[in-house]
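K.L.:
Need coordinates for the following:
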Amino acid sequence: VQLVESGGDLVQPGGSLGLSCAASGRTFSDLAMGWFRQAPGKEREFVAAISRSANTNYADSAKGRFTISRDNGKNTMYLEMNSLKPEDTAVYYCAGSRWFSPVAPTYDYWGQGTQVTVSA
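P.N.:
Numbering: from 1, shown residues only. Predicted coordinates for the structure are as follows:
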């Protein structure tokens with residue numbers, strides 16, 4: 001499976017941004033999908049996940065501000081981010097897995113990442 005993220009940008013604190021993850025090479029609907037992020041000097045951390053049946057799970061830092069969704073017809077997953085904070089600055093990765101999980105090692109497929117910078 002090939003995953004390609006897009007949508008990363010520089011945004012002001014309090015702003016909004018939408019990320020996309022386009023999948024190819026395998027039936028997208030067979031996979032649970034997730035978003036992870038990694039800030040400089042920090043470990044990769046879970047942001048949100050969506051199951052094959054569109055159940056969702058969010059990290060505490062994302063609850064109430066981020067929304068994960070998927071469109072199986074377009075083989076694409078999305079992350080809508082609102083009320084962005086400087087601490088949301090990171091490289092955001094999309095990932096695919098057989099399991100609906102917040103744990104990075106359970107994901108078999110990873111994109112290259114897209115940079116999100118939240119700064120005035």
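K.L.:
Can you mark which positions in stretch 11-25 are buried?
P.N.:
Using 16 or more other CB atoms under 10 Å as the test for burial, stretch 11-25 gives 11, 17, 19, 20, 21, 22, 23. To be clear about C-beta, it is placed using only N, CA and C from the backbone, and glycine gets the same treatment.
K.L.:
OK, contacts around the residue nearest in space to the middle of the chain?
P.N.:
Here the mean C-alpha position of the chain is nearest to the C-alpha of residue 35 (CA atoms, centre = their mean), at a distance of 2.5 Å. For residue 35, the contact set (CB atoms under 8 Å, 6 or more residues apart in numbering) comprises 19, 21, 47, 48, 49, 68, 77, 79, 92, 93, 94, 95.
K.L.:
On the pLDDT front, check the last one for me.
P.N.:
I take that to be residue 95. We have a pLDDT of 98 for residue 95.
K.L.:
Hmm, residue 112 and it touching each other?
P.N.:
No. Residue 95 lies out of contact with residue 112 (CB atoms under 8 Å); the separation is 11.4 Å.
K.L.:
Comparing those two, which residue is more hemmed in?
P.N.:
residue 95 (25 against 11; other CB atoms under 10 Å).
K.L.:
partner residues bridging the more buried one?
P.N.:
residue 34, residue 110 (DSSP bridges).
K.L.:
just to revisit the earlier point, from residue 120, how far out is the residue nearest to the centre of the chain?
P.N.:
Residue 35 sits 24 Å away from residue 120, going by CB to CB, to the nearest Å.
K.L.:
Check residue 54 too.
P.N.:
35 Å.
K.L.:
who's more crowded, those two?
P.N.:
Between residue 54 and residue 120, counting by other CB under 10 Å, residue 54 is the more crowded of the two (10 against 6).
K.L.:
quick one, what contacts the closest residue in space to the residue nearest to the centre of the chain that isn't next to it in sequence?
P.N.:
Counting by CB to CB, 6 or more residues apart in numbering, residue 35 lies nearest to residue 47, which is 4.2 Å off, once chain neighbours are set aside. Residue 47 is in contact with 34, 35, 36, 37, 58, 59, 61, 62, 66, 79, 92, counting by CB under 8 Å, 6+ apart.
K.L.:
Having no further points to raise, I will conclude here.
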